[in-house]
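*Asks:* Predicted model, plus sequence, below.
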Amino acid sequence: MDRLGPDAAAVTFEVAAAVRGRFAFRAGQWVAVRRRVGGAELRRSYSVCAPAGGPLRIGVRERPGGGRVSSWLVHRLAPGDLVEVGEPAGTFGAGAPGGDALFVAAGAGITPVLSVVATRLRDPRARIRLVQVDREPSSRLFGAEVDRLLDEHPGRFSRTQVWTRTPGAGRPSAKDWRRLLGADGPLSRLAGVWLCGPEGLVGELRPVLASLGVPHRRVHTELFDATPAEVAPLGGASTVRLLSGGAAVTSTVPRSRWLLDAARGLGLDVPFSCLGGMCGVCRARVVDGEVDMVTNHQLGAAEVAAGAVLTCRTRPLSRTVTVDFDA
């Protein structure tokens, strides 16, 4: 356990030798931590902050008001405690190796960015610029780790710090971002741009990057604290057939209910984590019927066209629907 501040910690797990291979992670991936509280199963996703090949280490910031999993990890977990952890997942660190790259990390968004930056810097061809956004110096995470990378890679790694709540500071405008991000020359030459932070910031930066000549395919994003989309109530019910682990269950499901909730309510052991359409763990394929996917921060257009949905934020629409969690 490493304290990162009054509300944050880095947790390193010792993985049993028998399953160590299953927990080998790629840069920028995350794991789901499971905790049972009062008979309820809670799962939360936390990003790995170590470079690929390093120990399984995650960064955790306590949620405002005290999250039931984050508070436990930050304040109560102790060396030697047993923790249920899922296998690494996620594609944030994907992209062409080497070349120049730009990273923008806001708040706890530095966690997976640190993993990807440290991994890419192993390639002597890589030149990386990090723009780190924090409220104030006391809220910045992993400052010492970033400083160490700066010392180890002079001339190849740089950091621009943006404060938003210090005297005279404020949230950058689109014009400010264009000037800041374009300060080192044309961005069209970059191998990729990685954005990690709140949904609002990532949404603001996408058009800015497009205006600076960065193709959409070179922008990699990871969201922290996405705002749930407004959901209009739906009346009626659908006959839903759910396939998982070789089992098939058919039930009448209200159209206001998420498919994931329906599957879990019927006793199916289906995968899930964030419950907000961000992590992609609950992905399944709609075999037939129509559904309403309210939130999607993971699937590409081609995947959606092929029937993929995030069941934690998808509701049945048609009279009958078949969903395959094994596809």
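*Replies:* Arrived safely.

*Asks:* For the stretch 151-300 of the chain, which segments are assigned as helices?
*Replies:* 174-181, 199-211, 259-265 (DSSP state H, counting those that start in this stretch).

*Asks:* In the first one, which residues are buried?
*Replies:* Judged by neighbour count using 16 or more other CB atoms under 10 Å, the buried positions of helix 174-181 are 177, 178, 181. Bear in mind the C-beta positions are built from the backbone N, C-alpha and C, glycine included.

*Asks:* and of the helices of the stretch 151-300 of the chain, who's closest to residue 22?
*Replies:* Nearest of those to residue 22, taken as CB to CB: helix 259-265 at 23.7 Å.

*Asks:* I'd like to know which elements that closest one is packed against.
*Replies:* Judged by 3 or more CB pairs under 8 Å, 6 or more residues apart in numbering; DSSP states H and E, helix 259-265 is in contact with strand 237-244, strand 247-254, strand 314-316.

*Asks:* Tell me the strands beside the last one, with direction?
*Replies:* Looking at strand 314-316 with DSSP bridges, its paired strands and their directions are strand 291-293 (antiparallel).

*Asks:* circling back: tell me which of the helices and strands packed on helix 259-265 is the most buried.
*Replies:* strand 314-316 (a mean of 25; mean count of other CB atoms under 10 Å).

*Asks:* Tell me which residues of the next helix or strand after that one come out buried.
*Replies:* Remark: after strand 314-316, the chain's next helix or strand is strand 320-324, criterion DSSP states H and E. Buried residues in strand 320-324, defined by neighbour count with 16+ other CB under 10 Å: 321, 322, 323.

*Asks:* would CSV of those with pLDDT and distance to residue 124 be doable?
*Replies:* Below are the buried residues of strand 320-324 laid out as CSV (pLDDT from 0 to 100; distance: CB to CB, whole Å):
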residue, pLDDT, distance to residue 124
321, 98, 52
322, 98, 51
323, 98, 47
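
*Asks:* Can you tell me which of those comes closest to residue 15?
*Replies:* Minimum distance to residue 15 across the buried residues of strand 320-324 is 32.5 Å, recorded for residue 323 (CB to CB).

*Asks:* The closest residue to residue 314 other than its chain neighbours: how many residues sit nearby?
*Replies:* Using CB to CB, 6 or more residues apart in numbering and skipping residues adjacent in sequence, the residue nearest residue 314 is residue 293, 4.5 Å away. By other CB atoms under 10 Å, the residues close to residue 293 number 18.

*Asks:* Show the contacting residues for residue 293.
*Replies:* Taking CB atoms under 8 Å, 6 or more residues apart in numbering, we find residue 293 in contact with 277, 304, 309, 310, 313, 314.

*Asks:* so what's the last one up against?
*Replies:* Spelled out, it's residue 314. Listed by CB under 8 Å, 6+ apart, the contact partners of residue 314 are 258, 259, 260, 291, 292, 293, 294.
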